[in-house]
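Colleague: How does the following fold in three dimensions:
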Amino acid sequence: MRNSPLEATAAGATGRSLLRTPIGGYVLAVVVLLASLLVVALYWQTAHEREMRAAEAEFHADTDEVTALLKQRLGSYELIARGGVSLFASVARPSRQQWQDYVDGLDIGERFPALVGLGFAIYVSPGQLSDLQRLMRDGGEGLFSVHPHGPREHYGAILYLEPRTAANLAAIGYDMYSEPVRNWAMEAALVADEPRISGLIHLVQDNGESIPAVELFLPVYRAGDHPTTIAARRLSMQGWVYTPFRMAQFVAMALGVRQQRAWLRIVDVTDPAQRQLYADPRSTQQPRPAFQHSTMLELYGRRWRLDFESPPLAEIESQIVGLRTTMGVGIFASLMLFGIALALARTQARAERLAARMSESYRRSELRFRSAMQFSAIGKALLDREGRIVEANPALAKLLGKSPEQLIGSMFGALFVDGQDEIKRGREADATGEDVYRTTRLLKHRGGGTRQVQLTFSSVPGDIGQDIARLVQIEDVTDRLRAEAEVLALNRTLEARVETRTRELTRANQELESFAYSVSHDLRAPLRAIDGFSRLLTERYGDRIDEDGREYLLRVRNAAGRMGTLIESLLKMARLGRGGIKPVPLDLSRMAADIVAELRATEPKRDVDIRIAPGLQVEGDQSLVRNLLQNLLGNAWKFTFDCIDARIEFGISAGGEFFVRDNGAGFPQEYADKLFRPFQRLHSQEEFAGHGIGLASVKRIVELHGGMIRAEGSPGEGATFFFTLPGEPEPG
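Modeller: Have a look, this model is predicted:
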């Protein structure tokens with residue numbers, strides 16, 4: 001039944017009147033929201049189906065690429081094995097060294113790390129095995145033992161396997177022909193005269209661990225033979241070149257660093273009992289995949305099924321950025337439309353709530369300010385533009401000995417002894433701007449005296465003409481200023497004492513230096529007399545003195561010479577640092593290399609392994625630092641004289657200390673402190689020549705530069721000297 005025009009007009013008027021009511025605005029906002037969300041949902045569904053089809057196509061393309069990479073990698077392994085077959089074609093039976101040289105040239109460890117090695121398994125009867133064992137034993141190759149033991153019609157034992165790792169050496173002699181899975185592949189390669197790959201095996205090198213692996217076998221015939229029948233191949237058969245590899249490493253190397261989106265599982269379906277060769281560890285931890293695909297790979301006599309699984313649906317959808325963006329923009333636009341409509345209905349209520357919040361915020365701010373004034377330990381006052389106190393807190397009233405009410409209306413400047421200072425009053429009045437002004441003045445104290453106070457003036461923002469213009473803080477600093485004055489007086493006294501002590505120390509050093517030169521001069525004259533008269537006695541009266549007497553005279557002269565050398569060493573130590581330290585940037589690595597070159601020139605026949613770390617930089621006095629390195633490297637050179645494999649190292653430790661290390665005579669650790677004392681020696685003059693002054697000089701040079709030195713050692717195992725200097729580099 002159709003409505004009359006009058007009824008339709010009435011219904012329209014009712015709808016328009018509903019929209020004009022407050023509830024009508026909310027209804028319209030909800031209708032707009034639902035309609036826009038419906039449009040977004042329909043568009044998103046269409047886009048989702050399109051993107052999922054594209055993702056599935058990309059997944060299938062990825063599986064094809066993975067399959068091709070696996071086939072390509074197996075082809076590379078076949079080429080490597082065929083190279084080994086070619087070696088047998090050129091040599092009747094290559095020696096172990098020839099096989100090792102060939103495999104080393106392939107650089108398997110770097111180019112094909114998944115390969116356990118490249119080997120040759122010989123095909124022999126029991127009699128031929130005995131002849132081979134005797135031939136290898138007579139040729140000096142040692143005893144060739146086959147395992148597992150026991151008589152068999154034929155053996156397929158591993159004769160060569162390179163690279164020569166410990167695990168591969170343990171596999172030499174293993175009869176692969178006795179194991180059913182390997183036997184199938186070896187027989188299949190012999191019968192078909194083609195490469196054949198084994199089923200799932202566990203390598204001897206894995207010591208019983210269940211690590212999935214396979215082996216690729218290629219038949220090898222006597223050089224020059226091209227047998228066409230199975231019987232002829234058996235007669236000409238020498239053995240098999242084979243390549244063992246673990247499946248997990250094979251897949252990882254085949255796929256390389258490419259982003260693997262499809263998760264892979266490889267199953268050998270050649271036999272009724274299907275065996276899993278490889279499974280991506282991630283596939284066992286994921287929910288149901290979005291896509292699945294399987295393909296068959298037939299190669300080298302086996303059938304592999306490659307099962308591919310994509311990531312879960314949720315993960316794929318999360319990677320479709322455009323889809324999420326579309327949904328997000330659509331929902332955002334819908335919510336924007338809904339928000340606009342809703343905002344029109346709620347404007348007045350929101351404005352009223354905002355006004356109420358602002359009033360409450362102002363009230364709380366005012367309360368916080370009053371609390372700060374009331375409970376502050378520092379005196380505070382509010383001033384008007386004329387400088388009168390409008391409000392004062394209890395701390396200021398207590399300082400002045402008055403109540404806050406008594407201070408209101410009084411001139412702030414009248415509280416100070418210098419209250420009529422026009423210059424200060426002008427600056428305080430200028431604080432009505434945005435700057436903060438600080439000054440120190442004398443305040444009239446409640447007891448009749450004065451106190452030093454620090455004033456901090458700051459402007460109070462507000463409308464022009466308001467009664468409050470400035471906030472001033474009054475802090476009593478009398479005690480602090482008095483303490484600062486006392487500290488300054490103590491500092492001046494301390495500086496005078498330091499200057500006096502410095503002069504006294506300088507004078508003492510000068511007197512000590514003069515004393516050292518005087519002593520050395522006074523000692524040298526009698527030593528020269530002893531040496532001269534001993535020499536004259538030997539030259540003029542040597543024929544009248546017996547052999548023991550001449551030996552005594554020689555000892556006297558040698559002792560006088562050593563005494564002279566000790567005096568000269570003592571003078572050198574006294575001169576260290578006399579001219580002051582002149583720090584310049586130094587290249588310690590280059591300086592050490594020059595010193596080592598000088599040491600090698602003095603003893604060119606010595607073979608010492610010396611290692612100097614590059615890039616060692618420091619700041620120091622060039623002559624003193626060179627003296628330091630000459631002593632340390634010279635000692636290392638001297639004390640490694642009796643070492644067959646002498647080693648010296650100069651570098652920097654992880655803790656930032658330079659070090660000189662050797663493997664020479666060493667020393668007991670409990671005597672480490674004695675090393676740096678003058679004339680203290682741990683070895684006799686007959687063992688190692690010296691005067692016991694070198695390390696004492698080293699310590700003084702290090703300390704002059706503000707560094708530290710220490711030593712570590714053990715008898716017969718060498719010594720290490722650690723030292724620090726300013727400006728050393730960060731340890732690497």
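Colleague: Helix or strand for residue 533, just tell me which one.
Modeller: Using DSSP states H and E, the element containing residue 533 is helix 478-541.
Colleague: cool, residue 40 as well?
Modeller: Here residue 40, judged by DSSP H and E, is contained in helix 22-90.
Colleague: these two touch, right, residue 326 and residue 43?
Modeller: Yes. Look at residue 326 against residue 43 with Cβ atoms under 8 Å: they come within range, at 6.9 Å. For glycine as for every other residue, the C-beta is placed from the backbone atoms N, C-alpha and C.
Colleague: These two: which has the busier surroundings?
Modeller: Ranked by neighbour count (other Cβ atoms under 10 Å), residue 326 and residue 43 place residue 326 first, with 17 against 13.
Colleague: Rounded mean pLDDT for the stretch of helix or strand the more buried one belongs to, please.
Modeller: Residue 326 is part of helix 321-375 when elements are defined by DSSP H and E. The pLDDT scores in helix 321-375 average 74.
Colleague: Quick check: next helix or strand after that helix?
Modeller: Counting by DSSP H and E, the next helix or strand C-terminal to helix 321-375 is strand 379-383.
Colleague: Please save the CA atoms from the following helix or strand past that next one in CSV.
Modeller: Using DSSP H and E, the helix or strand that follows strand 379-383 in sequence is strand 389-392. What follows is strand 389-392 as a C-alpha-only set of coordinates in CSV (Å, rounded to 0.1, in the frame of the first residue of the first chain):
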residue,chain,number,x,y,z
ILE,A,389,56.2,46.7,50.3
VAL,A,390,52.9,45.2,49.3
GLU,A,391,53.4,41.8,51.0
ALA,A,392,56.2,40.2,53.1
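Colleague: name the helices or strands packed onto strand 389-392?
Modeller: For strand 389-392, the elements it packs on are strand 379-383, helix 404-407, judged by 3 or more Cβ pairs under 8 Å, 6 or more residues apart in numbering; DSSP states H and E.
Colleague: What are the structural domain limits within this protein?
Modeller: What automatic domain parsing lists as the domains of the chain is 67-308, 376-475, 483-572, 577-723.
Colleague: Compile these into a markdown table and extend it with columns for distance to residue 360 and mean neighbour count.
Modeller: A markdown table is the format used below for the domains of the chain (distance: least, Cβ to Cβ, whole Å; neighbours: other Cβ atoms under 10 Å):
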| stretch | distance to residue 360 | mean neighbour count |
| --- | --- | --- |
| domain 67-308 | 52 | 17 |
| domain 376-475 | 20 | 15 |
| domain 483-572 | 46 | 12 |
| domain 577-723 | 61 | 17 |
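Colleague: Would you convert those domains into TSV that also reports distance to residue 350?
Modeller: Formatted as TSV, these follow (distance: least, Cβ to Cβ, whole Å):
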stretch	distance to residue 350
domain 67-308	46
domain 376-475	28
domain 483-572	58
domain 577-723	64
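Colleague: Compare those domains and report which one is nearest to residue 51.
Modeller: For residue 51, the closest of these is domain 67-308, at 11.6 Å, according to Cβ to Cβ.
Colleague: any idea of the mean pLDDT in that closest one?
Modeller: Across domain 67-308, pLDDT averages out at 89.
Colleague: how long is it from one end to the other?
Modeller: 10 Å (Cα to Cα, to the nearest Å).
Colleague: How far off centre is it?
Modeller: Mean-position distance between domain 67-308 and its chain equals 41 Å (Cα atoms, centre = their mean, to the nearest Å).
Colleague: Over to stretch 696-715?
Modeller: 31 Å.
Colleague: What is the end-to-end distance of it?
Modeller: Using Cα to Cα, the end-to-end distance of stretch 696-715 comes to 21 Å.
Colleague: before we move on, what about stretch 711-725?
Modeller: End-to-end distance (Cα to Cα), stretch 711-725: 16 Å.
Colleague: Counting neighbours, what do you get for the nearest residue to residue 338 once chain neighbours are set aside?
Modeller: Excluding the flanking residues, the one nearest residue 338 by Cβ to Cβ, 6 or more residues apart in numbering is residue 33, at 4.0 Å. When counting by other Cβ under 10 Å, one arrives at 17 neighbours for residue 33.
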